[in-house]
Every structure is written in structure tokens, then in C-alpha cells.
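**Q** Pasted the sequence and its predicted model underneath.
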Amino acid sequence: MPLSQQRIRDSPRDVKPGRFPFDAPRHVQLKYALQFAVLAPSTHNSQPWLFRVTDASVFLYADRSRGLPAIDPEDRCMLMSCCAALQNLTFALMALGFSYRVSRFPDLSDPDLLARIDVDARSGRDIDTSALEYLLARRTVAPHEAVLPPPVGTVASVQHEMERKGATMSLISPEDMRIVLQIVEENREDVRLLAKEEAMWRHPNRVRSRDGIPGGMQLNASSFFAESEGAVFGVLVTHGDRMLSWFQGGIALESGLIAATRENLVVSLASRPLHLGHVRIKLGKALSLQGTPQIFLRMAESSGASGAPTPRRSIVDVMIHPGFTG
Ligand SMILES: Cc1cc2nc3c(=O)[nH]c(=O)nc-3n(C[C@H](O)[C@H](O)[C@H](O)COP(=O)(O)O)c2cc1C
């Protein structure tokens, strides 16, 4: 089997930033870039994305069969997750020397087709391998024993990155935190239903699972807001609360998470109780936000103990037509 084909059957976690297939056809090069795209975060590691690749373009689809109807009734987090993968893809394309254009929702008759990325020829032979390394290093599910405050300026650079991508991150002061906790507490009524759905994405004994949260790793539902001396809390805020807002929110979120990795921050996420539209409106008003809150972020300086990463499905499993060459 040719090396290029063999590589795309491996776990995307094994991708080597220095092993770009320079002499392979374009669609093989794009599949190489896709391995970085699927390292993106996704709600419960559901990886709700599908791709179609030709020699000129990559098409990104939402895979609605991987939805979480209780936790994510509007597919809001699904869209943000897919667009986090889109952000990884364009970030990788840039690092690999490609220029590209993104068309959002290019076929209005197909709401699952989220984006078409048209890719032009590469310029030069240089690859920014250190940029690609950030995509491999980025984690949200990680050990958090030592909670050290983020060094001065690091959170601001995450905020700056999110703003550049069309969303903002508002920091939550201790006073605002009381409001957040009160709203979290008031919206606990459907907790049992959510816990059931969450359990479906926890895989305590399935060591070979390529999605979900493997044994030993925990989602941070209970500890996320636990009092902490060191962590800084924020909330990602988008203009509006529709598909386009979630699209932009996903891109800004991942862009900020890549910046956080560069700044040696460890970031955890919590999308509950913001899964309900009326709670997003209520919190937005209560905190006087200039838009809609989408997801909470908890940021601290990384202690360096990154732990095992969450798994990813292989590229072959997320392609609509694995053999299609355009
Ligand atoms: C839109 C979105 C919502 C998420 N919501 C939560 C959450 O509520 N609680 C949590 O612990 N992690 C949440 N996560 C983080 C995922 O669980 C995590 O990205 C996934 O397990 C993959 O792990 P990794 O980010 O370390 O690669 C969310 C991620 C995304 C993109």
C-alpha cells in the first residue's frame, strides 16, 4: 500500500507535522491536512463532522446522526464543534503553505453542508511545523491538579484571537460568578435526562473507542465552577444566536483555544446550562453581555501534566466518499 494511503488509515493523533506528502496528488495532501482538522474539540468528543475531498476543495458536513438531542437540542454545539474543525483545517492549510477561500453554507438547499473550502496551489516549500504542533498539543480534557493563575497578558491574547475571528470572550468576575451559579442552579431540573445522554458518550471500558470520553477521563460537569484561587473564568459571546452565530462561535472558540495552547494555558469548557436558548438570553441580560453567551471557559496556567489525549476516528471514517478524487 502506498505510504500516503497507509498514513490516512492511522489514528490522526499519529500525524507527523514534518511528513507532508510534497509529491502526492492534491487530494492526498488535503487528507493529510484533514488529520489536523479532526483534532478539534467537540461536544462529548462526538466528532460530528464529515468531509468530502476533491483535488480543488474540501466540503465540510455536519453529521446529524452524532447529535445529542437532550444536551444539544438545537445542534448548536454540533455546529460549533464542526466549525472548530474548520478552524483547525484552515489553520493547518495556512501552516502548510496553501491559500484558500471559505464559503459558508454554500448550498442553501442542504443545511448539513456547512462550508466549502476551495484550495489554491501551495507557495514555496516551507511548512510551519510548530503551528501544527499546537493543534496536536491542544486539550480541553486534561488533569487539573495544580490550578495556577494564567500569567499576565495570556488571557488577553486569547480574547484578542477570538475577537479577530468575530466573537468575544467576557471574563466573569467573582460577583458575576454568583449570578452564573444561581442560573446554573435554577436550571437543574432536567439533570437526569442529560446524565443519561452523557453516559452514552462515556466509554469506561472501551479502550479501543475512537470517540467519546474514555475510561479514566472525566467531563468536568461537577467541578467546573468549583471555587478556585487560580483559574480565570470567561464566557464566549456571539452576535446573535442562529446558525451563523454558532458557525462564527466555533471558529472563534477554537482559534482562542489554539492561542491558549501557545500561551501554555489549560482550558476546560462547559456548555451547560447554556444548552437552553432561554437560559442563554437570561444569562446574557443578567451579565449585561453585548450578545449571546455560548460556552463557559475555565483557564489556568498549564502544570505541564497533559495526560493521555482523547481519541479520534481515522480520516477514512469521516469521509463521505473515501475513494473520491474529484
Ligand atoms: C461546543 C463544545 C462544547 C463542549 N462542552 C463541554 C462540556 O459541557 N463539558 C466538558 O467537560 N467538556 C466540554 N467540551 C469539551 C469536549 O468534551 C472535548 O473537546 C472532547 O472531549 C475532546 O477532548 P479534547 O478537547 O481534549 O481534544 C465541549 C467542546 C465543544 C467543542
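**A** Good, I have the coordinates. Residues are numbered from 1 along each chain as shown.
**Q** residue ranges of the strands in the stretch 101-250 of the chain, please?
**A** Using DSSP state E, counting those that start in this stretch, the strands of the stretch 101-250 of the chain run over 113-122, 168-171, 202-203, 213-214, 232-238.
**Q** packing partners for the fourth one?
**A** Just to be clear, that refers to strand 213-214. Secondary-structure packing of strand 213-214 (3 or more Cβ pairs under 8 Å, 6 or more residues apart in numbering; DSSP states H and E): strand 202-203. All C-beta spots, glycine's among them, are computed from the backbone N, C-alpha and C.
**Q** Excluding chain neighbours, what is closest to whatever residue of the chain ends up closest to the ligand?
**A** Residue nearest to the ligand within the chain: Pro41 (2.8 Å; Cβ to the nearest ligand atom). Excluding the flanking residues, the one nearest Pro41 by Cβ to Cβ, 6 or more residues apart in numbering is Thr140, at 5.2 Å.
**Q** separation between that neighbour and Gln182?
**A** 25 Å (Cβ to Cβ, to the nearest Å).
**Q** Can you list the low-confidence ranges for this structure?
**A** Residue ranges of the chain with pLDDT under 70: 1-9, 142-146, 189, 216, 218-222, 227, 322-326.
**Q** which parts of this protein sit against the ligand?
**A** Counting by Cβ under 6 Å from any ligand atom, the chain comes close to the ligand at 41-45, 77, 80-81, 84, 139-141, 213, 219-220, 269-272, 295, 310.
**Q** Can you flag the buried ones in the residues you listed?
**A** Using 16 or more other Cβ atoms under 10 Å as the burial test, the residues of the chain next to the ligand include 41-45, 77, 80-81, 84, 139-141, 213, 219-220, 269-272, 295, 310 as buried.
**Q** wait, Gly215 sits on His203?
**A** Yes - shown here, Gly215 and His203 form a contact pair, counting by Cβ atoms under 8 Å, at 6.7 Å.
**Q** In terms of neighbours, single out the busier of the two.
**A** Taking neighbours as other Cβ atoms under 10 Å, Gly215 and His203 compare with His203 leading, 19 against 11.
**Q** I'd guessed the residue of the chain closest to the ligand sits against Met80; true?
**A** No - taking contacts as Cβ under 8 Å, Pro41 lies outside contact range of Met80: 9.1 Å.
**Q** who touches both of those two?
**A** Common contact partners of Pro41 and Met80 (Cβ atoms under 8 Å, 6 or more residues apart in numbering): Leu253.
**Q** and the closest residue to Gly166 other than its chain neighbours, how far is that from Pro273?
**A** Among residues not flanking Gly166 along the chain, Gln248 sits closest, at 4.4 Å (Cβ to Cβ, 6+ apart). Using Cβ to Cβ, Gln248 is found at 22 Å from Pro273.
**Q** For the residue of the chain closest to the ligand, give its distance to Arg116.
**A** 23 Å.
**Q** and if you look at Thr310?
**A** From Thr310 to Arg116 the distance is 28 Å (Cβ to Cβ).
**Q** Next: Asp23.
**A** 26 Å.
**Q** do Phe91 as well
**A** 17 Å.
**Q** These two: who's more crowded?
**A** Neighbour tally, Phe91 and Arg116, criterion other Cβ under 10 Å: the higher count belongs to Phe91, 23 against 19.
**Q** Could you break this structure into its assigned domains?
**A** 3-138+313-318, 154-301 (automatic domain parsing).
**Q** So the residue nearest to the spatial centre of the chain, which state does it fall into?
**A** In the chain, the centroid-proximal residue (Cα atoms, centre = their mean) is Pro41; its distance is 3.1 Å. Secondary structure, DSSP: H, G, I helix; E, B strand; the rest coil: Pro41 is coil.
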